[in-house]
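# With the sequence up front, the predicted model follows.
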2 protein chains.
Amino acid sequence: MQKTASQVPGLHRASLRKLHELDGALELMYYGWRGMTLEADAYLATVGLSRPHHRILYVVARRPDISIGELIEVLGISKQALNRPLALLLERKLVAAKRSPEQHRSKLLRLTAAGQKIEQSASNHERKVLRDAFAHVGAPGAAAWMAVMGAIADNS
Amino acid sequence: MQKTASQVPGLHRASLRKLHELDGALELMYYGWRGMTLEADAYLATVGLSRPHHRILYVVARRPDISIGELIEVLGISKQALNRPLALLLERKLVAAKRSPEQHRSKLLRLTAAGQKIEQSASNHERKVLRDAFAHVGAPGAAAWMAVMGAIADNS
DNA sequence: TCCTCACGTCAACATAGTTGACGTGAGAAT
DNA sequence: ATTCTCACGTCAACTATGTTGACGTGAGGA
């Protein structure tokens, strides 16, 4: 047992000197991301999965019969990177692949019932964090948050 | 050359069916995080560094003479995980370690001039994204964003 | 003087990503 | 009809970032 510090799972926000006006916002983004995914990751670990598996489950849930190629595009990773986590999901029958009868050039992916259950549980953890946060600021605050995040996301 | 899709660096937001009310917010958080760090990561890559190095530089810049133990606590990673990236920063003389004269139980870390320059450049990329996004919504929107992110971050 | 234990380091391993190489089969070109 | 091409998916090898475990060292208390 060698963790004098950081036995806190949630990594309380550190107090750092602010060198720039926006440092606070910067740190909020960092800790916000961690805060949202913390419980979901812990849940996923209990079922032997992790973040990349969840991302796959999330997308497949919302695009049934998606092909591997499309999945790669949506996730923004290489097809080789997709291979291992997806193989695990298939092996554990959380995702089912069928080749369409006449067109068997690509595989079509779907969640099994078990896969759906895990996807929903994990995503629920994340949505709960957001729901609670939005409750603090009401609908206008939530709308403003969405607007800012949209602007940040669309930067590129 | 084998990337028919995803040659777009910025990974445009995918259009996924929304199964829950908060799915949009969930995805915004994901793409927002990516959006903020995208340019900074690209810059860091040009100088042979990456995200963990930047996090170290960021913290050390705001806590000069921090010890390794404190740094571990702030970053929320294990001291072994810190070891390799920090060793690189020391080797490249972006961070300097001095042992205090009488108390040489712990090392005190500081950025060198070169380290400061890189930290500022990388952080500037991230702050710029935030600044632009905030400009879209004005001060009240920014305040609401901060409030929501604070609530999300403090979840734990 | 000795014990303890925080500090920091090294070694071994897991996981998630990368690039490269390649088999296979659909569809186009000839 | 035959051949070419090339997208699709898979496998192998490698890199990077993290984990846990083991351990040397020296400060400070007993």
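On my side now, so go ahead. Every value quoted in this text rests on a predicted model; they were computed, and no experiment measured them.

# List the contacts of A:V137.
Taking Cβ atoms under 8 Å, 6 or more residues apart in numbering or on different chains, we find A:V137 in contact with A:W145, B:A144, B:A147, B:V148, B:A151. Where C-beta positions appear, they are placed from N, C-alpha and C, glycine not excepted.

# doesn't the fourth one fall inside a strand?
So that's B:V148. No: secondary structure of B:V148 (DSSP: H, G, I helix; E, B strand; the rest coil): helix, not part of a strand.

# where does chain A have low pLDDT?
Low-confidence segments of chain A, defined by pLDDT under 70: A:1-14, A:100-104, A:156.

# Roughly how far does the most centrally placed residue in it sit from chain B?
Centroid check for chain A by Cα atoms, centre = their mean gives A:R55 as the closest residue, at 5.0 Å. Relative to chain B, A:R55 is positioned 8 Å away (criterion: Cβ to the nearest Cβ, to the nearest Å).

# Check A:Y43 too.
Using Cβ to the nearest Cβ, one gets 14 Å for the distance from A:Y43 to chain B.

# any idea which helix or strand comes after the one helix or strand that residue maps to?
A:Y43 is located in helix A:23-46, with elements delineated by DSSP states H and E. Next helix or strand after helix A:23-46 toward the C-terminus (DSSP H and E): helix A:51-62.

# on that earlier part again, neighbour-wise, which of the contacts of A:V137 leads?
Using other Cβ atoms under 10 Å in any protein chain shown as the neighbour criterion, A:W145 leads those with 28 neighbours.

# so what's that one closest to, chain neighbours aside?
Nearest residue to A:W145, sequence neighbours excluded (Cβ to Cβ, 6 or more residues apart in numbering or on different chains): B:V148, at 4.2 Å.

# so what's the one you found up against?
Shown in contact with B:V148 (Cβ under 8 Å, 6+ apart): A:A133, A:F134, A:H136, A:V137, A:G141, A:A142, A:W145.

# Same question for A:L108.
The contact partners of A:L108, taken as Cβ under 8 Å, 6+ apart, are A:D65, A:I66, A:S67, A:A97, A:K98, A:R99, A:S100.

# tell me, which of those residues make contact with DNA strand D?
On the criterion Cβ under 7 Å from any atom of the strand, A:S67 are the entries of those that sit beside DNA strand D.

# out of the contacts of A:L108, which are buried?
Neighbour counting with 16 or more other Cβ atoms under 10 Å in any protein chain shown marks A:I66, A:S67 as buried within the contacts of A:L108.

# what kind of secondary structure is A:L19 in?
Per three-state DSSP, the local secondary structure of A:L19 is coil.

# Now it: closest residue in space, sequence neighbours ignored.
Nearest non-adjacent residue to A:L19, counting by Cβ to Cβ, 6+ apart: B:R62, 6.1 Å away.

# what's the neighbour count on the one you found?
20.

# sorry, back to before: from the contact counts, what lies against the helix holding A:Y43?
Where contact means 3 or more Cβ pairs under 8 Å, 6 or more residues apart in numbering or on different chains; DSSP states H and E, helix A:23-46 is packed against helix A:51-62, helix A:113-154, helix B:23-46, helix B:113-154.

# List just the one of those that sits closest to B:I72.
Smallest distance to B:I72 across these (Cβ to Cβ): 18.6 Å, for helix B:113-154.

# Chain A against DNA strand D: which residues are in contact?
Residues of chain A lying near DNA strand D by Cβ under 7 Å from any atom of the strand: A:Q2, A:S67, A:I68, A:G69, A:K79, A:Q80, A:N83, A:L86, A:A87, A:R105, A:S106, A:K107.

# from what I can see the fifth one touches A:S67, true?
Just to be clear, that refers to A:K79. No: counting by Cβ atoms under 8 Å, A:S67 is not a contact partner of A:K79; they are 10.9 Å apart.
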